[in-house]
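Visitor: got a sequence here, can you build the structure:
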Amino acid sequence: MTLQKITFLKDKVASYNEYPFCVPVIKNLDELKITNNVTFFVGENGSGKSTLLESIADSCGFNINGGGRNNLYTNNIDETTLGSYLRLSWRPKITNGFFLRAESFYNFAAYLDTLNQESGEDVYAPYGGTPLHKQSHGESFLSLFNNRFNGKSALYLLDEPESPLSPARQLGLLKIIHDLSTKSNSQFIIATHSPILLGYPEATILNFDGKKIEEIRYEMTEHYQITKYFLENRTAMLDHLLNED
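Guide: Sure, this is the predicted structure:
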């Protein structure tokens with residue numbers, strides 16, 4: 001284990017009436033223990049899972065637009081207001097890692113193109129040797145996972161990495177997560193809506209849908225239950241949904 005605990009410095013908060021401090025799970029957060037090399041954040045949109053993940057990235061010194069500590073660029077994403085209110089506890093502390101924002105990955109790929117032109121060096125080698133913009137969205141994600149995520153001990157923070165990936169590719173990502181977390185002691189914290197990724201064996205799943213962050217079993221997640229019910233009762237469910245007045 002590397003990152004072991006996240007402490008919310010409540011004494012620094014002036015008001016809980018503004019975002020993100022007004023989000024229930026943030027407002028009620030004291031400390032969050034990380035007890036697994038693979039941890040998932042789940043919850044509805046707006047529940048605070050991506051906000052907390054981004055703030056962890058900020059506290060680690062990663063680029064909150066997407067990237068690691070040495071990826072220096074900006075885009076239209078506002079600076080987080082929560083990162084300076086967190087204290088991270090490590091054993092041991094590491095600086096190697098990456099923050100993936102699925103929503104802004106295009107901007108990260110554009111940053112690499114600009115860096116390649118300005119430096120005169122090949123910056124694509126850590127990403128498979130091919131510009132990310134010359135690959136499909138899903139292929140560029142896999143190039144990142146297969147190449148930039150190397151065998152060194154690292155912290156990988158992934159925000160909805162499943163968004164461009166087919167179900168088969170999501171299974172491939174599970175294999176990458178397994179190899180890195182078991183062979184190099186790398187750590188993953190992943191915000192996701194994917195019932196496939198959530199099925200990773202013995203992972204810790206933290207639910208953000210209540211007033212407090214709570215651990216939940218895979219079979220009890222809404223992602224699993226809705227997907228299972230839909231696959232087993234597709235006709236009846238669609239009939240009720242589409243024909244409801």
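
Visitor: could I get the full set of helices for this protein?
Guide: 24-27, 49-60, 105-119, 137-143, 167-183, 195-198, 222-232, 234-242 (DSSP state H).

Visitor: which of the ones you listed sits closest to Arg69?
Guide: helix 49-60 (7.6 Å; Cβ to Cβ). Just so you know, the C-beta spots here come from the backbone N, C-alpha and C atoms, and that holds for glycine as well.

Visitor: helices or strands next to the closest one in the packing?
Guide: On a contact count with 3 or more Cβ pairs under 8 Å, 6 or more residues apart in numbering; DSSP states H and E, helix 49-60 meets strand 3-8, helix 24-27, strand 38-42, strand 86-90, strand 97-101, strand 155-159, strand 187-191.

Visitor: which residues are in contact with the residue lying closest to Ser140 once chain neighbours are set aside?
Guide: Spatial nearest neighbour of Ser140, excluding adjacent residues (Cβ to Cβ, 6 or more residues apart in numbering): Leu132 at 4.0 Å. Counting by Cβ atoms under 8 Å, 6 or more residues apart in numbering, Leu132 touches 105, 108-109, 112, 124, 140, 143-144.

Visitor: including pLDDT and neighbour count, could those residues go into CSV?
Guide: Shown next, in CSV, are the contacts of Leu132 (pLDDT from 0 to 100; neighbours: other Cβ atoms under 10 Å):
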residue, pLDDT, neighbour count
Phe105, 74, 21
Phe108, 76, 23
Ala109, 75, 20
Leu112, 78, 19
Tyr124, 81, 18
Ser140, 84, 22
Ser143, 82, 20
Leu144, 82, 21
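
Visitor: farthest pair in those residues?
Guide: Phe105 and Tyr124 (15.1 Å).

Visitor: how far does the worst-scoring helix or strand of the chain on mean pLDDT sit from its chain's centre?
Guide: When the helices and strands of the chain are compared on mean pLDDT, DSSP states H and E, helix 105-119 comes out lowest with a mean of 77. Relative to its parent chain, helix 105-119 has a centroid offset of 21 Å by Cα atoms, centre = their mean, to the nearest Å.

Visitor: what comes up buried for it?
Guide: 105, 107-112 (16 or more other Cβ atoms under 10 Å).

Visitor: what would these look like in TSV with distance to Lys212?
Guide: Compiled in TSV, the buried residues of helix 105-119 are given as follows (distance: Cβ to Cβ, whole Å):
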residue	distance to Lys212
Phe105	31
Asn107	34
Phe108	33
Ala109	37
Ala110	39
Tyr111	37
Leu112	39
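
Visitor: which of those lies closest to Tyr200?
Guide: For those, the nearest to Tyr200 is Phe105 (21.7 Å; Cβ to Cβ).
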